[in-house]
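S.K.: The sequence isn't on hand, but the structure is:
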């Protein structure tokens, strides 16, 4: 989930994996795979950065949870 801000300054979280596209015209609109659209204060670049950070955290956490491979026999 990433946290974004509506134009009225309320914050909410959206599932970054369900974002279909992001548009700027001039407001930033996040379009979800189900067709829902959210107008947010963040720029397109900021939303992309939030998504990239979210995915990096998921990968980092997954690496911490998966035990490393056992050492190879000599």
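M.R.: Okay, I see it. On a predicted model such as this, the values are computed, not experimentally measured, just so you know.

S.K.: From the chain's centroid, how far away is stretch 51-68?
M.R.: Centroid separation for stretch 51-68 versus its chain: 13 Å, with CA atoms, centre = their mean, to the nearest Å.

S.K.: What segments of this structure are strands?
M.R.: Here the chain has its strands, by DSSP state E, at 2-5, 11-14, 19-24, 28-32, 37-40.

S.K.: So which of those is nearest residue 50?
M.R.: strand 2-5 (4.2 Å; CB to CB). Where C-beta positions appear, they are placed from N, C-alpha and C, glycine not excepted.

S.K.: what pairs with that closest one, and is each one parallel or antiparallel?
M.R.: According to DSSP bridges, strand 2-5 forms sheet pairs with strand 11-14 (antiparallel).

S.K.: rewinding a little: a markdown table for the strands of the chain, including mean neighbour count, distance to residue 65 and mean pLDDT?
M.R.: Formatted as a markdown table, those follow (neighbours: other CB atoms under 10 Å; distance: least, CB to CB, whole Å; pLDDT from 0 to 100):
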| stretch | mean neighbour count | distance to residue 65 | mean pLDDT |
| --- | --- | --- | --- |
| strand 2-5 | 16 | 21 | 98 |
| strand 11-14 | 12 | 22 | 98 |
| strand 19-24 | 14 | 25 | 98 |
| strand 28-32 | 17 | 28 | 98 |
| strand 37-40 | 15 | 31 | 98 |
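
S.K.: Tell me which of those sits nearest to residue 60.
M.R.: Per CB to CB, nearest to residue 60 of the strands of the chain: strand 2-5, 15.7 Å.

S.K.: mind giving me JSON lines with the strands of the chain and columns for distance to residue 72?
M.R.: Formatted as JSON lines, the strands of the chain follow (distance: least, CB to CB, whole Å):
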{"stretch": "strand 2-5", "distance to residue 72": "40"}
{"stretch": "strand 11-14", "distance to residue 72": "43"}
{"stretch": "strand 19-24", "distance to residue 72": "41"}
{"stretch": "strand 28-32", "distance to residue 72": "45"}
{"stretch": "strand 37-40", "distance to residue 72": "49"}
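
S.K.: Tell me which of those sits nearest to residue 48.
M.R.: Closest approach to residue 48 among the strands of the chain (CB to CB): strand 19-24, 6.9 Å.
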